[in-house]
Every structure is written in C-alpha cells, then in structure tokens.
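1. task: produce atomic coordinates for the following.
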Amino acid sequence: MKMPAAAALAALVFALPLAAEEAPAPAPAAAPAASGEWRTFTTEAFRGKRDSVSFVDATHGWYGTGAGDLFATKDAGATWEKVASRAGTFVRAVGFMDRRNGFIGNIGTDYYPGVTDTTPLYRTRDGGVTWEAVDTGAATIKGVCAIDILKTQRIYQGTLVPRTVIHAAGRVGGPTGMLRSVDGGETWSVIDMAPHAGMILDVKFFDEMTGLVFAATHPDPAQAEGLVLRTEDGGKTWKEVYRSGRTLELIWKASFPEGSDTGFATVQSYDPERATQLVIRSDDKGKTWREIVMGEDKTARQFGIGFVSKDVGFVGTMAGGFATKDGGATWERAPIARAANKFQAVPTETRVRVYAIGTEVQAIDLPR
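-> Sure thing, here's the model as predicted:
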C-alpha cells in the first residue's frame, strides 16, 4: 500500500538522523558521580533514540526501544536486563504503576517501516516479562506516544481510597485518540481526538477531570502549528489554550514538577532556517502559556523536557542538552546525549535523581 503524501513527509522529517547509522558504542558504567554531574549507563546498543523511561521508585525502572525490546533495572540504572522482546512492535511509551504493573505503548503501523503490530497498548502484571493487549472493545486508537499515570484518591462510603487514573494518547503523524481508565487499567474508554488535533505527542492530567494534551494542529508537519489543549471534564470537551501560529511546529513533550502549577513544554520546529529555539511556560496549570527563548541554534531541534522545580530543568535536543536554574530566563549547555526524548525526576532518600533517555540513558543527582 502506498503511503499517503502527508505520512511520507512525516516519516521523512521525523526520522532521527542517527537511525540510519550505528549508534555510538555505549559508555562504560560510571562510578557514582558527585551531585550535579551527568553520568551515562551501559545499555544495549540501539540505532537512534530510545523514547521513554519509567521509574516507580529509586531503584526499579524500565525503558523500551523501536525494536520492540523492553529493558528493566533493579539497581537505579547501573545495569539493565532485557525482559521482553516483541518483533514488529515499536515501544514508544512506557508507564508503570508499581514494580509489577505497567503499560507499554506501541506507535502502531503505517508510520515507521517494519512496524507490523496494530495493538496500541499492552498491560503487564509481572514487571514487563509478559504483555496482554488492553481490551477497549470495538473502538481503539492507532498508536500511543505518551502514557500518563496519576495516583489520586476518591471518597468511597465516607473513606478516602486510592485511585489510579491512566491516559494513553497519540500519535505523531496522526490519527489522534486517547485511551482512558479511572480504575487502574481494568476498564477503558476511548476518546476520539480527531476533531481537536492532528497529532498528539504528550498528555498530562492533574486530577481525574483536569488535563492537557500537547499536540499539533495537523498530521502533516508542513502544515502543523504547535498546540496545547485543556479539559476540565475528563476529556469530554477541550479548549485550545496555546497555538504557536507558525507552521512546521509541534509541542513535543511537557513537564510539570510534582505538586506545582508551573510547567514547561518543548516547541519542536522543523523549519531548517529557524535558529530561535522556544519553550513554553505556564504558571496556572496550563490555562495560559508564554514563549521563552532557549537559544539560537538551527541544529538544536528539541525533544524531551524535565523540571524538578519551577526553576531547575533540562531540555534534550539534537545538539545535546540545555539546562536552566531560573525557570527558563537563562539557559546553558548541559552534557546530555543527543535527542533526550524523556526525563523523569525520581526522589531518593537524600536527593532527586533525574533520568534522561535518548541516544543514551543518563542520570544526574540534584539536591532536594
């Protein structure tokens, strides 16, 4: 089947340049670094970038690859074990609730060559060793680019009881849709996002009803403008709260520090002549946004973003990493490997460890 023109262009411009060549040999496992120093872990070589990492505590984490492999660590990333492999699957997102229960998102077919798996979302109940397809009935979505897991509480017969709300959304290049569960993944509903966005790249919910999607207006990047949508009724209705007004742009990934109303997102530009790199910032849980200049560099196409507070954060780009200590007012280069696509801040006993995953898997320890 011939790929539509828009999908062909999307596949072309979204292909990571490193994917056509061998990834660099992994660096040796580093000794524990001093607080504030990035270190690179030994991982199995992979062409291109890895897209997502998920830690549930200070020691247990997982990441996946476009080759359908899932890796796990029990020692905070010092060593990684391949726990599962599924040919034809592109693991775009991972999200775990605890050491045994988690979800694996697949990009789906008709985007990347060689991807034959049409199941958008899997569940594991044994730490990633075995996967079962999430049952959404007759309705489903094409693929998943992001998973958001929210642990909250609800009042049941006068008592506060734990409640886990999960959203899995996608995808790059379209079509758009969202899977939603309010009971820890036991039952699911499907939200058609086609009337609202052409692509969805990330999702974040603050409570069961209030959330954001980070997106683009069109599935063809040549026509796409960066877009952020907000819901206050669990996804029944959506309000546009940011649009970039420039084509060849997407809102790629977002980061809201735990418990903070302040968040940031990357503006990913595919304009080859655009040197100005922007991020966007919200101080009211995504109701309004403003643009911040991160730097002037044509090669610094942005990917992931991670903030540990409203002031301290990192951005991954094709030219390496950037860091800020003043909420985005100023930025400096950081020794983060190219194309860091996802960051996660994990509290330890005395510090906060930030993981970054892209062409390498890295971490830095920061004071609380």
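2. state the helix or strand in which Ala329 lies.
-> Assessed by DSSP states H and E, Ala329 sits outside every helix and strand.
3. could you shift the numbering so residue one becomes 238, and keep it that way?
-> Sounds good: first residue 238 from here, last item Ala566.
4. burial measure for it, as a count.
-> Using other C-beta atoms under 10 Å, Ala566 has 11 neighbouring residues. For every residue, glycine as well, the C-beta is placed using N, CA and C.
5. how close does it sit to Ser546?
-> According to C-beta to C-beta, to the nearest Å, Ala566 and Ser546 sit 14 Å apart.
6. can you pull out the helices in this protein?
-> Per DSSP state H, the chain carries helices over the ranges 242-251.
7. where in it is pLDDT low?
-> 238-272, 394 (pLDDT under 70).
8. how does it look with 80?
-> Residue ranges of the chain with pLDDT under 80: 238-273, 390-398.
9. ok, now how distant is Ala582 from Val402?
-> Using C-beta to C-beta, Ala582 is found at 20 Å from Val402.
10. likewise for Gly298?
-> From Gly298 to Val402 the distance is 21 Å (C-beta to C-beta).
11. who has more neighbours, these two?
-> Set Gly298 next to Val402 and count neighbours by other C-beta under 10 Å: Gly298 wins out with 27 against 22.
12. quick one: that one from Thr424, how far?
-> Taking C-beta to C-beta, one finds Gly298 at 27 Å from Thr424.
13. ok, now which ones touch Arg391?
-> Residues near Arg391 by C-beta atoms under 8 Å, 6 or more residues apart in numbering: 397-398, 400, 445.
14. possible to save those as TSV with distance to Ile344 and neighbour count?
-> Converted to TSV, the contacts of Arg391 look like this (distance: C-beta to C-beta, whole Å; neighbours: other C-beta atoms under 10 Å):
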residue	distance to Ile344	neighbour count
Leu397	37	10
Val398	35	9
Arg400	29	16
Glu445	27	15
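15. which one of the residues you listed sits closest to Pro494?
-> Within these, the smallest distance to Pro494 is 20.2 Å, found for Glu445 (C-beta to C-beta).
16. for that closest one, what are its contacts?
-> 387, 389, 391, 400, 402, 419, 471.
17. one more: Leu449?
-> Counted by C-beta under 8 Å, 6+ apart, Leu449 has contacts 440-442, 465-468, 478, 491, 523.
18. how many neighbours does the residue nearest to Ala376 when sequence neighbours are not counted have?
-> Closest residue to Ala376 apart from its sequence neighbours, by C-beta to C-beta, 6 or more residues apart in numbering: Val427 at 4.1 Å. Residues lying near Val427 (other C-beta under 10 Å) number 16.
19. quick one: contacts for Val427?
-> By C-beta under 8 Å, 6+ apart, the neighbours of Val427 are 373-374, 376-378, 414-417.
20. quickly list what it is bridged to.
-> Leu416 (DSSP bridges).
21. same question for Thr468.
-> Bridge pairing for Thr468 (DSSP bridges) gives the partners Gly448.
22. that one against Asp444, yeah?
-> No - with contact defined as C-beta atoms under 8 Å, Thr468 and Asp444 do not form a contacting pair (11.0 Å).
23. the more surrounded of these two?
-> Thr468 (19 against 12).
24. show me where the stretch 388-537 of the chain has its strands.
-> Using DSSP state E, counting those that start in this stretch, the strands of the stretch 388-537 of the chain run over 396-407, 414-418, 426-429, 436-442, 448-453, 462-468, 476-484, 486-492, 500-506, 513-519, 527-533.
25. could I get the contacting residues of Arg518?
-> 499-501, 526-529, 564-565.
26. quick check: the gap between it and Gly550.
-> Distance, Arg518 to Gly550, using C-beta to C-beta: 10 Å.
27. now do the shared contacts for these two.
-> Counting by C-beta under 8 Å, 6+ apart, the shared contacts of Arg518 and Gly550 are 501, 564-565.
28. any chance of a markdown table for these, columns neighbour count and distance to Gly595?
-> Listed next are the shared contacts of Arg518 and Gly550 as a markdown table, based on neighbours: other C-beta atoms under 10 Å; distance: C-beta to C-beta, whole Å:
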| residue | neighbour count | distance to Gly595 |
| --- | --- | --- |
| Phe501 | 25 | 18 |
| Gly564 | 17 | 23 |
| Gly565 | 24 | 21 |
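29. could I get those residues as TSV with distance to Gly410?
-> Listed next are the shared contacts of Arg518 and Gly550 as TSV, based on distance: C-beta to C-beta, whole Å:
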residue	distance to Gly410
Phe501	24
Gly564	32
Gly565	29
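30. and Val381, how many residues sit next to it?
-> Look at Val381: counted by other C-beta under 10 Å, it has 34 neighbours.
31. ok, back up a step: among the contacts of Leu449, which ones are buried?
-> Neighbour-count burial (16 or more other C-beta atoms under 10 Å) applied to the contacts of Leu449 gives 440-442, 465-468, 478, 491, 523.
32. just curious, which of the residues you listed is nearest to Glu510?
-> Closest to Glu510, out of all of these and judged by C-beta to C-beta, is Val465, at 24.8 Å.
33. now the closest one: how far from Gly496?
-> In terms of C-beta to C-beta, Val465 sits 20 Å off from Gly496.
34. do Cys382 as well
-> Counting by C-beta to C-beta - Cys382 and Gly496 are separated by 25 Å.
35. surely Val583 meets Ala593?
-> No - using C-beta under 8 Å, Val583 is not in contact with Ala593; the gap is 11.8 Å.
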